[in-house]
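Visitor: Using only what follows, build the 3D model:
(one chain, ligands or ions: 1)
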Amino acid sequence: MPAHELEILIPADRIRARVAELGAQISADYKDKPVLLVGVLTGSFVFLSDLVRHMSCPLRVQFIGTKSYEGTSTTGQVQLTKDLDSVVEGVHVLIVEDIIDTGLTLSYLKKLIQQRKPASLKVVAFLDKPSRRKVEIEGDYVGFKIEDKFVVGYGLDYNQLYRNLPDLRVVKQ
Ligand code: 5GP
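Guide: Numbers count the residues shown, from 1 in each chain. Presented below is the predicted three-dimensional model:
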């Protein structure tokens, strides 16, 4: 297995502080509206698990799975690999993404869930790479905007590696 050269982009303490802020902001916005957090597998799992511990409003968690990446490049085709476990009609849904890159995944998921008539549908993304967009779409809550660099750590992988890193790092190509 080739070793990759990794450079820290966002240290763990900055991530912790920002996730706490997001959790407080989202809790204030939802207050007593029970919300269903829909984590997008697999990259959102670390962000989601930290975020919920900073949320005080009533919430439930489910996961949905999509696939579009091979290595460090997107195939441009989004496929559903795991659907939700319950009906979301009338439910306040908050999609939890690791990163919005081209926006294709989010656009696909928003359409899919919107068709099921949720009470509301919003998005929280740990990261946003606005320069890479192929479709016009934004997160309602965003942790950090970053440049067009392939990043790993805090749940994000490179061929399934590095999800366990506590900080965010750039893979030097
Ligand atoms: P999009 O559909 O917006 O192009 O991409 C969404 C998915 O691509 C993300 O949920 C993430 O899994 C993957 N992705 C996009 N950019 C990066 C990146 O810089 N690093 C990693 N590890 N995954 C990325």
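
Visitor: Every contact and neighbour count from this point should use C-alpha atoms.
Guide: OK.

Visitor: from the chain's centre, how far out does the host helix or strand of residue 121 sit?
Guide: In this structure, residue 121 sits in strand 120-128 according to DSSP states H and E. In terms of C-alpha atoms, centre = their mean, to the nearest Å, the centre of strand 120-128 is set 7 Å apart from its chain centre.

Visitor: What are the buried residues along the worst-scoring helix or strand of the chain on mean pLDDT?
Guide: Using mean pLDDT, DSSP states H and E, the weakest-scoring helix or strand in the chain turns out to be strand 73-82, at a mean of 82. Under the neighbour-count criterion of 16 or more other C-alpha atoms under 10 Å, strand 73-82 has residue 78 buried.

Visitor: what's the answer for stretch 3-14, then?
Guide: 6, 10, 12.

Visitor: got the end-to-end distance for it?
Guide: The first residue of stretch 3-14 is 26 Å away from its last residue (C-alpha to C-alpha, to the nearest Å).

Visitor: That one near the ligand anywhere?
Guide: No - on the criterion C-alpha under 6 Å from any ligand atom, stretch 3-14 is out of touch with the ligand, staying 11.5 Å away.

Visitor: got a list of contacts for that stretch?
Guide: Stretch 3-14 has contacts (C-alpha atoms under 8 Å, 6 or more residues apart in numbering) with 166, 167, 168, 169, 170, 171, 172, 173.

Visitor: So which elements touch the longest strand seen in the chain?
Guide: Longest strand in the chain, counting residues (DSSP state E): strand 59-70. Judged by 3 or more C-alpha pairs under 8 Å, 6 or more residues apart in numbering; DSSP states H and E, strand 59-70 is in contact with strand 35-41, strand 73-82.

Visitor: Surely residue 43 is within a strand?
Guide: No - counting by DSSP: H, G, I helix; E, B strand; the rest coil, residue 43 falls outside a strand, being coil.
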